[in-house]
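Trainee: can't give you the sequence, but here's the structure:
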C-alpha cells in the first residue's frame, strides 16, 4: 500500500520534463500508468458483475472482485517489470488481482478474469481511455472552433494580403483566412463524431476470439458488458483486426495537420518583418535566455512539432494493422505506446492552439501597411481581369506584368505606371483605378464565404 | 497532333516495369498523364459552359473551349517540361488550351480559365480522378468481401488451430478466421461510403480563395460547376485546408492494413510446413527461376509490399497538411504524386487479394493434422477452465501447465498424462475427456460469430 | 531539497508501465529527467570552468557554479512546467541555477551560462546523452554479435531448409543463416564507429551562432569546452544544421531493421508447426493468461514492435531537419522526445535479441525432420542443375518440375518419381541420386561463407 | 524489335507529367525501364563471361549471351506483365534472354543465368543503378557546395538579421548563414564517400545464398564478377540482410533534410515583406496563371516537397529490412520502387537547389533595412551582455527587456530609451552606444567561422 501511495504522490508532483509541452494534465492522467491500469480494472470489475448477473460466477465473488479493482491497491512498478517478462500487462495484473481478491475471499479469487483473455482487458481498457481522450478533444475542439468563429466574424471585412507561395498575391480578408481554419475544424468535429459512433467498442473474445470458455453465454455476457461499460458491442472480437484503433490514429492525424496549418500561418504572420498577428503574451512565456527583446511563438512551435511527429506515429499504427492470425506478434505491441502518444500529442497541440487563437493579438495597421507595401502590385490580377474582356485574358496579363516589372524597376506605384500606359488607359477611367486600387473592393466574396463558414459552424451544437 | 497520338500508343503498349505489380490497368488509366490532363480539361470545359449559362462569357466561346478540351490535342511532353518551370501543370495547360482555342476562334481564347486559379483546376481534376478510383475500389472491395463471405459460410464449422504469437493456442474455425477479415472489409466499405459523401468536392476560389474575379457571380458559378461535375460544393475553397485530400489517403491507408493482415495470414498458412491454404495456381504464376518445386505466394507478396509502403505515403499526406497562407509551398507539391500512388498501390493490393481469396485453395486435412500435431496441448485451456470451478482458476492453470510440460518431455498425448493425474481425474470423467479433446467442441461460438459477420455483410447491398 | 529527493525515490521505484518492454534500465537512466538535466548541468559546469581558465569569468564564480551543477538540487517538476511556458528547458534551468548559485555567492550568479544560448546547453547535453547511449549499444551489439558468431561456428554444417517467400527452397545450414545475421551486425558496428567519430560534437554558438557575446575568445572557449567534455569541436555551430542528430537516428534505424529481421526469423522458426529454434524459457516468461501450454516469443515480439516503430521516428527526425534560419520553429522541438525514444527503443530491442540469441534453444532433429518433410522436393534445384549440362537449363527445370508435381499428386518421394523417368535416368546413376538427396551435399559453400563472416567478425576487437 | 524501338522513342519523347519536377533527365534514364533492364543484362553478360573464364560454361556460349544482353532487344511491356505473374522481373527476363540466345545458338541457351538466382541479378542491377546515381549526386553536390562557398566568401561580412523562432534575434552575416549550409553539405559529401566505399557490392548467392549450384567455383566466380562489374565482393550474399540498401536510403534522406533547410531559408528570405534573396528568374519560371506580378520560388517548392516525401520513403526502406529467412515476402518487393524514388527525388531537389543557389539574387539593401527595422532592438542582447559584468547577467537582461518594451510602446529607438535610463548610462558611454548599435560589431566571429567552413570545403578535392 505504501508503495502505491508513493506512486500517486509521484504523479501529482513530477512527470516527464517535456510533458508540459507535449501533453495536457488531463490526457496525461488518462494515459498515465494509473489511468491505464484503472481502465483495465474497470473491465475486470464489469466482467465479474455481468457474469454474476448471468449466474456464471457467484454474486459475492463478483462483489469482492469489483471492490478490489482499484488502482491504488497495486504496485505498478512490480507490474511493469513482470509485464515485460510475461509479454503483456494483463498477465501480472490478473495475477496480482487474483492475489488481492484471495486475501479477502479465497473462493472469489477463482472467478477473476473469467472467460477473458489478456487482449480483451488490454484493448477494452484502451477503448475506455480513448473515450476519455475523445471527450477532452471534442470539447477543446469546440473551444478552438468557437474562437476562430469569433475572429472570422469580427474581421470578415478587414483586408489582408493574400499570400501564395509565400508571396503577396491578391487581397483577402483576415476573417476569411480564419474562416478557412474554422471550416476545417468543423470537418474534424464531424470526423470525431463518426469515430465515436463507430470505433469505441469492447474487446471480448477469449483466447482466440471464439468465446469458447463461456459456453453459450458468451454473446449475452458480451452484450451486457458492452452495455455496462458504455461501449458498443462489435460484430466480432477484433483482436487482430486493427482498423478500429488505426482509425482513432488517422482521425487524430488529420486534425493535427490542420492545427499545424494554423500554427504555420500564425507564426508566419508573427515574423518581425510582418507583425500582423501575435500569440498572446504572458509573463515567462516565449522569452529568450539571452535576448531581452524576444517574444517567441511557443504555442505554434509546440503545435508544429506535434504536426511533424504525429504523421509518423500514424504510419506506425497503419503498418501495425498487419497482425498475424488470432494474435499479432509485434504489431499489437507496437500500438501500446503509439496510440496514447498520438492522443496525448494531439490534445497538447489542440490545447496550445486554443490558447493561441483565443488570445490572438491582431494588428490591423500592420495588415494594411503590408498590403500597401508593394505599391499597388497586389491589385495586378484585378486590373488584368478588368482589361481582359477588352484585350483578351493573356494579353491583359502580359500587359500588366510589364507594368509591374517597370514599377519595381523604377520604384513607382503600379497605378502611376498604368496611368502612363495609353493602351491600358484606353479601357480604364480614373474612377476605375480608384476602385481597383481599394483593398475593400478586391476581396471578392470574402464576406459571403465567411458567412457560409459561420453558418455551418452554427449547426454544430 | 502526331505527337499526341504517339503518346497514346505509348500508354497502350508500355508502362513502368513494376506497374503490373503495383497498379491495375484501370487505376493506371485514371492516374496516367492522359487521365490527369483530361480531368483538368473536364474542369475547364465545365467552367466555360457554366459561365456561359450565367452570361459571364459568350456561349460560342464556351462551346469552342469545351470542344477543345480533349487530351489527345495536347503535347504532354511539352506540358511536363513547362510545368516544372512554371511551378504547376495548370499554367502551361491553360496556355496551350488558350492557343488551341485561339486557333479556332480568336475571341473565345479570351475566356479560357475565366475567374479560376491554377489550383482550382488541379484540385478539381484530382477529385474527378479520386472519384474514379473510389468507383473501382468500392467495386473490388465488394468482390473481395463477397469472396470472404463465401469462405466464412462454407468453413464456419471447420476446425483450425487458432494461433497467437505464432503459437498454436486453442481451436477456432477457418470460417471464423475469414469472418474476421470479412468484418473488417465491411467496415472499410462503410468508411469509403462516408468518404465519398464528404470528401469529393470541387475546388473553386480564384487566386486566394475569394472568388474576386467573378464579382457577385462567384457562388452561383461554383454551385453550377459542382452540379455539372457531379461533385459537392464545399462551404469554402480549400486551397490550403488539405484535410479533405488527406482523408482520402487515410481511408486507403486503413484498408491497406487489413489487406496486409489477410496476406500475412494466407502466406503463413501457405508455408511448406503448414500447408493449410494456398494462393490459386496458374501457369507462370509464383514459380522460381531455379527451383522447379516452388510455388510462391505472389499476390500476398505484392499486398504485403503495398501494406508496408502506403502507411509512409499517408504520413507524407498528413505532414503536407501544413500549408502556408493561401497557397502552400512544398506541401501542395508533395501531394501530387503521393495521393495517386496511394490510390494506385491500394487498388493493386485489393485486386491481388481479390484474386487470391476468390481462388483460395484450402486443405482441410492439413488443418486437422496441424490441430492434432501437438498431441492435445491445444485443448489445455479448455481443460483448465473445466477444472477451474473445482480447483480455482490459477490452480487449474498451473496443474494443466505441469501436465503439458510432462507431455512434451515424455512425448505423450496430453490426455494420457492427465488420465494418470488423480488430482485432475477427481473432477473429470472419460466422457468429459472425449468431449474436451474434440475440436468441434472447442470452437465456442464460432458459428454464431460467423453468422453475425455474414448478417452484417448482407446489409451492404 | 525534499522535493528533489522525492523525485529520486520516484525514479527508483516507478516508471512507465511499458518501460520494461521498451527501455533498458541503463538507457532509461540516461534519458530520464535526471539524466537530461544532469547532462545540461555538466555543460554549464564545464563552460564556467573553461571560461575561468581564460579569465573571462572569475575562478571563484566558476567553482561555485560547477559545485552547484548537480541535478538533485533542482525541482524537476517546476522546471518542466516553466519550460513549456518559456519554450525550452534551458531557460528555467538557467534561472534556477542562477538562483541557487546566488544563494551561495551573489557575485558568481552573474556568470552563469556566460556567452551561451539555450540551444547550446540543450544540444550539448543531448550529445552527452547520445554518447552514453552509444557506449551501451556498442557493448550490447558486441554481445549479440559474439552470440551469433558462436552459433554460426557451432552449426555451420547443420543442414536446415532454406526458405524463400516462406516456402522451402533448397537446403542451407543453420550456421550460414546466423552468419548472415552476424555479418549485418558487424556492419552496424562499423556504422556506429563512424557515427561516434563524426557526430558527437559540442554545440556552442550563442544566440545566432556567431559567438558574439564572447568577443574574440569564442573559438578558444569552444575548443577548450569540447576538450573538457570529450566531444568534438565542430567547424561551425549547428543550431539549424540537424544532419548530425538525424544521422544518430538513421544509424539506430538501420540497426533496428536487422534486429527485426533476426526476430522475424526466430519467431518463424519457433512456430508450433516448425519448432526449430526457441527463445530461452524462464519462469514467468512468455506464458499466457489462460493457455497453460503456451510459450510465447516475448523477446521477438518486443523487437518486432520496435522495428515497426523506429522507422517512423526516423522519418520524423529527417523531416525535422528543415529548420528555419538560425533557430527552428517546431523542427527542433520535434526532436526532443523523438531522438531519445529512438535510442531507448533500439537499445531495448538490442537487449532483447541479445538475451534471445545467447539463450537460443535449437532443435536439430526438427531441422532435419522439416528438411525431409517434402519428400525430396527441396533437392529439386540441385537435380535440375545436374541435368542442365545434358538437357539445357530450362528443359531440365521443366522436367524436374513435372516430377515434383507428380510426386505431390501421388504422395511419392521425388527420388522415386525420378527413378521411374528414363529421360532423367539417362544422365543420373543411383550414386548420383544418393549424393543429390543428401542435405550435407546440398549446402554449397555454406562452411566457407560462415568462415568469411567469422573471419570478419574476428577483426573487430 | 519494332516494339522495342517504339519504347525507346517513348522515353525520349514522353514521360510522367511530374517528372520534370521530381526527376532529372539523367536519374530518370538510370531508373527508367531501359536502365533497369540493361543493368540486369549487364549482370548476366558479366556472369557468363566470368564463368567462361573458369571454364564453367563454354566461351562461345558466354560470347553469345553477352552479345545478346542489350535492352533494345527485349519487349519491356511483355516483361512487365509476366513479371507480376512470376513474382519478379528476373524470371521473365531470363526466359526471354534464353529464348533470344537460343535463336542464335541453341547450345549457348543452356548456360544463361548459370548458378544465379533471381535476386542476384535484380540486386546487382540495382547496385549498378545506385552507382550511377551516386556519380550524379556527388557531382551535383559539389556544384551546390561550391556555389555556397562562393556566397559565403563574398558575403562573409555582410550583416543580416539573425532569426530564431522566426523572430529577429541578433545580427549575423549572410556569409555565415550560407556557411552553415555549406558545412552541412560537406558533411553529406563525406557520407556519400563512406557509402560508396561500403554499400556498393554485388549480390551473388544462388537460391538460398549458399552458391550451391556452382560447386567449389562459387567464390572465385563471385570475386571475378565483382571485379568485372566494378563492385565490391561482400563477405556473404545479402539477400535478406538489407542494411546495405537501407543505408543508401538513409544517406539520401539525410541530404534531403539539408536541402529542405536551405529551401526553407531562401523561401522565407524571398517573402514579399522580407525580400532579401531571390531564386533566379527566367522566362516562364515561377509565374502565376492569373497574377501578373508574381514570382514564385519554384525551386524551393520542389525541394520542400521532396524533403517532405523522402523521409517517409526512408521509413519504408527501414521497415522493409525485416525480411523473412532466405528471401523476404513483401519487404523485398517494397524496395523495388521505393529506393529508385528516393534516389530520383533527391537528385531532383539537389538539382533545383544547385540552380537556385548558383543564381541566387541577393538584396543587401533589404538586408540592412530589415536589420534597422526594429529600431535597435536586435542589439538588445549585446547591450545586456555589456551591462552584465556590472549589474549581473539576469539583472542586465531584465533592465534591457524593460527598455525594449518601452521602445515598442513609445515607438522609439532602443538607443533613445537607454540614453534616458541613468541606471544604464552609469555603465555606458556614448561611444559604447555607437559601437553597440553598429551591426558590423555585432556579428561576433562570423568571419572566422566562415573561414573555418571554407577551409574544410577546400580539403574536399
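Mentor: It's in. These figures come from a predicted structure and were not determined experimentally. Residues are numbered from 1 along each chain as shown, chains lettered A, B, ... in the order given.
Trainee: List the contacts of residue A:151.
Mentor: Applying C-beta atoms under 8 Å, 6 or more residues apart in numbering or on different chains to residue A:151 gives the contacts A:174, A:175, A:178, A:357, A:360, A:362. For every residue, glycine as well, the C-beta is placed using N, CA and C.
Trainee: and with 7 Å instead?
Mentor: A:175, A:178, A:360 (C-beta atoms under 7 Å, 6 or more residues apart in numbering or on different chains).
Trainee: Ok, residue A:35 next?
Mentor: By C-beta under 7 Å, 6+ apart, the residues touching residue A:35 are A:29, A:129.
Trainee: for the stretch 1-150 of chain A, what are the low-confidence residue spans?
Mentor: For the stretch 1-150 of chain A, applying pLDDT under 70 flags the ranges A:1-15.
Trainee: which residues of the stretch 1-150 of chain A fall in helices?
Mentor: Secondary structure of the stretch 1-150 of chain A (DSSP state H, counting those that start in this stretch): helices at A:2-13, A:19-22, A:25-31, A:33-53, A:59-68, A:76-86, A:90-104, A:118-154.
Trainee: would you list those helices in CSV and tack on distance to residue B:160?
Mentor: As requested, these are exported to CSV (distance: least, C-beta to C-beta, whole Å):
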stretch, distance to residue B:160
helix A:2-13, 44
helix A:19-22, 44
helix A:25-31, 37
helix A:33-53, 27
helix A:59-68, 33
helix A:76-86, 26
helix A:90-104, 25
helix A:118-154, 19
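Trainee: so which of the ones you listed gets nearest residue D:166?
Mentor: Shortest distance between residue D:166 and the helices of the stretch 1-150 of chain A, using C-beta to C-beta, is found for helix A:19-22: 18.0 Å.
Trainee: Check the offset of that closest one from the chain's centre.
Mentor: Counting by C-alpha atoms, centre = their mean, to the nearest Å, helix A:19-22 is centred 15 Å from the centre of its parent chain.
Trainee: same thing with stretch A:330-337?
Mentor: A distance of 21 Å separates the centroid of the chain from that of stretch A:330-337, by C-alpha atoms, centre = their mean.
Trainee: near chain D, which residues of the stretch 51-200 of chain A?
Mentor: Residues of the stretch 51-200 of chain A lying near chain D by C-beta under 7 Å from any C-beta of the partner chain: A:165, A:166, A:167, A:168, A:169, A:170.
Trainee: Give me the subset of the residues you listed that lies in strands.
Mentor: Residues of these located in strands (DSSP state E): A:167, A:168, A:169, A:170.
Trainee: Could you list which residues are in contact with residue A:434?
Mentor: For residue A:434, the contact set (C-beta under 7 Å, 6+ apart) is empty.
Trainee: again, but for residue A:357
Mentor: Contacts of residue A:357 by C-beta under 7 Å, 6+ apart are A:144, A:147, A:148.
Trainee: Tell me the spacing between it and residue D:107.
Mentor: Applying C-beta to C-beta, to the nearest Å, the value for residue A:357 to residue D:107 is 79 Å.
Trainee: Provide the count of other residues in contact range of the closest residue to chain D within the stretch 1-150 of chain A.
Mentor: Nearest to chain D, among the residues of the stretch 1-150 of chain A, is residue A:21, at 14.2 Å (C-beta to the nearest C-beta). Residues lying near residue A:21 (other C-beta atoms under 10 Å in any protein chain shown) number 26.
Trainee: just the one 10 residues further on next, same as before
Mentor: Other residues within reach of residue A:31, judged by other C-beta under 10 Å, total 25.
Trainee: Which residue, other than its chain neighbours, is closest to it?
Mentor: Nearest non-adjacent residue to residue A:31, counting by C-beta to C-beta, 6 or more residues apart in numbering or on different chains: residue A:340, 4.1 Å away.
Trainee: How many neighbouring residues does the one you found have?
Mentor: Close neighbours of residue A:340, defined as other C-beta under 10 Å, add up to 23.
Trainee: ok, back up a step: any chance of the contacts of residue A:357 in a markdown table, with neighbour count too?
Mentor: Rendered in a markdown table, the data for these read as follows (neighbours: other C-beta atoms under 10 Å in any protein chain shown):
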| residue | neighbour count |
| --- | --- |
| A:144 | 26 |
| A:147 | 22 |
| A:148 | 29 |
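Trainee: Low-confidence stretches in the stretch 301-450 of chain A?
Mentor: Within the stretch 301-450 of chain A, not a single segment meets pLDDT under 70.
Trainee: Spell out which parts of it neighbour chain C.
Mentor: Selection of the stretch 301-450 of chain A residues close to chain C by C-beta under 7 Å from any C-beta yields A:301-302, A:304-305, A:308-309, A:312-313, A:315-316, A:319-320, A:329-331, A:333-334, A:336-338.
Trainee: Now list the buried members of those residues.
Mentor: Using 16 or more other C-beta atoms under 10 Å in any protein chain shown as the burial test, these include A:301-302, A:304-305, A:308-309, A:312-313, A:315-316, A:319-320, A:329-331, A:333-334, A:336-338 as buried.
Trainee: rewinding a little: within the helices and strands, which one has the residue nearest to residue A:31?
Mentor: Using DSSP states H and E, residue A:340 sits in helix A:331-358.
Trainee: swap in residue A:172?
Mentor: Using DSSP H and E, residue A:172 falls in strand A:167-173.
Trainee: what's the angle between that strand and helix A:118-154?
Mentor: 80 degrees (axes from the mean of the first three to the mean of the last three C-alpha atoms, to 10 degrees).
Trainee: just to revisit the earlier point, and the contacts of residue A:151, which of them are in helices?
Mentor: Counting by DSSP state H, the contacts of residue A:151 place A:175, A:178 in helices.
Trainee: For ChimeraX, write the select line for the buried members of the contacts of residue A:151.
Mentor: Applying 16+ other C-beta under 10 Å to the contacts of residue A:151, the buried members can be selected in ChimeraX as follows:
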select /A:175,178,360
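Trainee: can you list the contacts of residue A:151 in a markdown table and add distance to residue D:257?
Mentor: Below are the contacts of residue A:151 laid out as a markdown table (distance: C-beta to C-beta, whole Å):
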| residue | distance to residue D:257 |
| --- | --- |
| A:175 | 37 |
| A:178 | 32 |
| A:360 | 31 |
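Trainee: Let me know the closest of the contacts of residue A:151 to residue C:36.
Mentor: Of all these, residue A:360 has the smallest distance to residue C:36: 32.7 Å, by C-beta to C-beta.
Trainee: Now do the same contact list for the closest one.
Mentor: Counting by C-beta under 7 Å, 6+ apart, the residues that residue A:360 touches are A:151, A:277, A:280.
Trainee: quick one: contacts for the second one?
Mentor: For residue A:277, the contact set (C-beta under 7 Å, 6+ apart) comprises A:266, A:269, A:270, A:360, A:361, A:362, A:363.
Trainee: can you tell me how far it sits from residue A:380?
Mentor: When residue A:277 is compared with residue A:380 (using C-beta to C-beta), they lie 25 Å apart.
Trainee: now the helices for the stretch 351-461 of chain A?
Mentor: Ranges of helices in the stretch 351-461 of chain A, per DSSP H, counting those that start in this stretch, are A:364-372, A:380-391, A:393-410, A:414-419, A:422-425, A:430-436, A:446-459.
Trainee: pLDDT weak spots in the stretch 151-300 of chain A?
Mentor: The stretch 151-300 of chain A contains residues with pLDDT under 70 at A:288-290.
Trainee: rerun at 50
Mentor: For the stretch 151-300 of chain A, no stretch has pLDDT under 50.
Trainee: Could you count how many residues lie near the closest residue to chain D within it?
Mentor: Closest contact between the stretch 151-300 of chain A and chain D, by C-beta to the nearest C-beta, is at residue A:292 (3.6 Å). Applying other C-beta under 10 Å, we find 22 residues neighbouring residue A:292.
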